[in-house]
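**Q** Pasting the sequence and the predicted coordinates here, then a few questions.
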Amino acid sequence: MSQTLVLCSILLAVFVVPSSISGTAIALPYIAQKLGSDSVLLQWVVNGFNLFFACFTLIWGAINDKWGAKHCLLTGVALYLVASLFSAFAPTLLWLDIARVCAGIGGASVFACGSTLLIHTFSAKDHAKVFAAFGTTAGLGITLGPTMSGFLIDIFAYQAIFIFHFLILIIVFVLIFLLPKEKQNQQIFDFDIMGAILFLAFMLGLMFSIMNLNDCHQAYVLVLFVLCIAIGIIFVWHQKKCYYHNKTPFLDIAVLNNPTFVGLTLVTVIAGFSFVVLLTYFPIFLSAVFNLSASFVGVFMLALTAPMLFCPILAARFLSKEMSPKLFALMVSLMMSLGLFLLLVVLYFLSGAMQVPLILLVLFIIGCGMGLHAGAIDRLALSSVDIEKSGFAAGVLNSFRLGSEALGVALYGALMQAFIATNSSNSLHSYASIIASGNLGLIENLKLQSEALHLYLQAFFIVIGILGILSLLLSFAVWVLLRQQTR
């Protein structure tokens, strides 16, 4: 009975977290209409969740060894459900951002502590089936998140998304509460608190620096960036000090000396700069340019997200047939990076009846790249390091993955804001933040609205092109690093 409770509670929670990430993007234009279109605060609705989810996944993973997976998961889910309820009734964008940050902190406990609870609850022979269900449920959350959110918005309002998460999380909380009490861990609590603080400060500083690219000529932005670099250097020095003094570092950066591990890890960064950016901001593009309703946008996005349901299985088959890991990693990297350029070609050069089917096809290709790399790259990367380093390597891998997702989304928003603010005419300058957020309907003058749409399209093409170039350069780096791989 306890095994069933554990599995049901964790799978429900695992469904909510990725659906929250992929579904909230659909709501951004509607949030802007209700709470204001300040582009920076609007970006933090997504960035706040992503950044704190990335940072606190590692922190929850470290402290659950001392406090117990059940207690940590219960605490995180409680924070998540309260934050979801507050998100639904937040009176301003600032309060919504705070609620989303808290939701990200709570949501991180689901992946960090939920997997630990599964390992402790089920026997080794059941782990394969249990974690297959874990991965499939996460894929379902990513796949159905935009679609469900679109229908909830059209039927009710954007607040219904957060209320839906709140209701599911109440069930999760009750199920976890009913689980039997864990044995107290008597081991000495060895957690690098200073490393965690430095890492969080570095990521926050980097995020703020990226989001203020539009004001890079201002002294405070330069000071912030220099301070961020200084914190990063101190963090690396502190991690090396912990390592050489036989203390547990927050991130064991020694695994970065392994070129195979680094090359495979960069594939997850490409996914953050391509798939995750499109997952977050392409719904806004569809709403602004094609004037689609939220439910139609959600259905449209299935082309991008549906491959998450079956591609992980295909990846296992590819690799079981002696496909070279280097070739596999390069293939999925190019599917995601070149997919961005294919999308630009279709959007810029084509129109009429063929455009929409080809957009769907390109989104499907990018989604397949994401789905093929999910899980398979983790296994290849972790198998390339010594077994005693696998735990630390997993921490580094997840830091790169989640950090790049947060930074990729932030970079898109910052570049859009910078381009539009720089190139907008005098008549549109006051609407720069509205145009950057894609809420062109808030511009009442039809002539200005048409001009704003043209400016928005220009900015979108340039920013996606920049992210495509970055992804392609990272693909080249993957190829160079994996050339040193020995089979």
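**A** Nice, I can see it. In this text the structure is predicted, and so the values were computed from the model without any measurement.
**Q** who's in contact with Ser149?
**A** Ser149 makes contact with Ser19, Ser22, Gly23, Thr24, Ile26, Ala27, Ile161, Ala294, Gly298 under the criterion C-beta atoms under 8 Å, 6 or more residues apart in numbering. (C-beta placed from N, C-alpha, C; glycine too.)
**Q** neighbours around the second one, how many?
**A** This means Ser22. Each residue near Ser22 was counted by other C-beta atoms under 10 Å, and the total is 27.
**Q** looking at it, it is touching Gly150, isn't it?
**A** No: counting by C-beta atoms under 8 Å, Ser22 does not reach Gly150; the two are 10.9 Å apart.
**Q** shaky segments in the stretch 251-400 of the chain?
**A** Filtered on pLDDT under 70, the stretch 251-400 of the chain yields the residue ranges 387-392.
**Q** still on that earlier bit, looking at the contacts of Ser149, which is nearest Cys8?
**A** The closest of those to Cys8 turns out to be Ser19 (C-beta to C-beta; 16.7 Å).
**Q** State the number of residues packed around that closest one.
**A** There are 25 residues near Ser19, going by other C-beta under 10 Å.
**Q** Centroid-nearest residue for the protein?
**A** When C-alpha atoms, centre = their mean is applied to the chain, the residue found nearest the centroid is Glu405 (4.2 Å).
**Q** follow-up on the earlier one: which one of the contacts of Ser149 is nearest to Leu472?
**A** Scanning these for proximity to Leu472, where the rule is C-beta to C-beta, the winner is Ser22, at 24.6 Å.
**Q** Please report the distance of that closest one from Leu338.
**A** According to C-beta to C-beta, to the nearest Å, Ser22 stands 23 Å off from Leu338.
**Q** which SS class is Ala13?
**A** helix (DSSP: H, G, I helix; E, B strand; the rest coil).
**Q** so it touches Cys113, yeah?
**A** No: here Ala13 lies out of contact with Cys113, judged by C-beta under 8 Å, at a distance of 9.7 Å.
**Q** Mind listing the shared neighbours of the two?
**A** Counting by C-beta under 8 Å, 6+ apart, the residues touching both Ala13 and Cys113 are Leu73.
**Q** tell me which residues of stretch 444-459 are tucked away?
**A** Judged by neighbour count (16 or more other C-beta atoms under 10 Å), stretch 444-459 contains these buried residues: Leu448, Gln449, Glu451, Ala452, Leu453, Leu455, Tyr456, Ala459.
**Q** what's the helix or strand for the third one?
**A** Glu451 belongs to helix 446-482 when elements are defined using DSSP states H and E.
**Q** taking the mean pLDDT, what do you get for that helix?
**A** Average pLDDT, helix 446-482: 92.
**Q** Please name every helix or strand in contact with it.
**A** helix 259-273, helix 275-289, helix 325-349, helix 390-423, helix 432-436 (3 or more C-beta pairs under 8 Å, 6 or more residues apart in numbering; DSSP states H and E).
**Q** Show me what the longest one is packed up against.
**A** Right, helix 390-423. helix 39-67, helix 193-211, helix 259-273, helix 275-289, helix 376-383, helix 432-436, helix 446-482.
**Q** That one vs helix 446-482, what angle?
**A** Helix 390-423 and helix 446-482 meet at an angle of 150 degrees, taking axes from the mean of the first three to the mean of the last three C-alpha atoms, to 10 degrees as the criterion.
**Q** what does the first one give?
**A** For the pair helix 259-273 and helix 446-482, the angle between their directions (the same axes, to 10 degrees) equals 170 degrees.
**Q** helices or strands next to helix 259-273 in the packing?
**A** Helix 259-273 packs on helix 325-349, helix 355-373, helix 376-383, helix 390-423, helix 446-482, going by 3+ C-beta pairs under 8 Å, 6+ apart.
**Q** Check which residues of that helix are buried.
**A** 260-273.
**Q** Could you work out the most separated pair of the residues you listed?
**A** So, the buried residues of helix 259-273 by C-beta to C-beta: farthest apart are Thr260 and Phe273, at 21.2 Å.
**Q** and Ala124, how many neighbours?
**A** When neighbours are counted by other C-beta under 10 Å, Ala124 registers 7.
**Q** Could you measure from Val110 over to Leu179?
**A** In terms of C-beta to C-beta, Val110 sits 15 Å off from Leu179.
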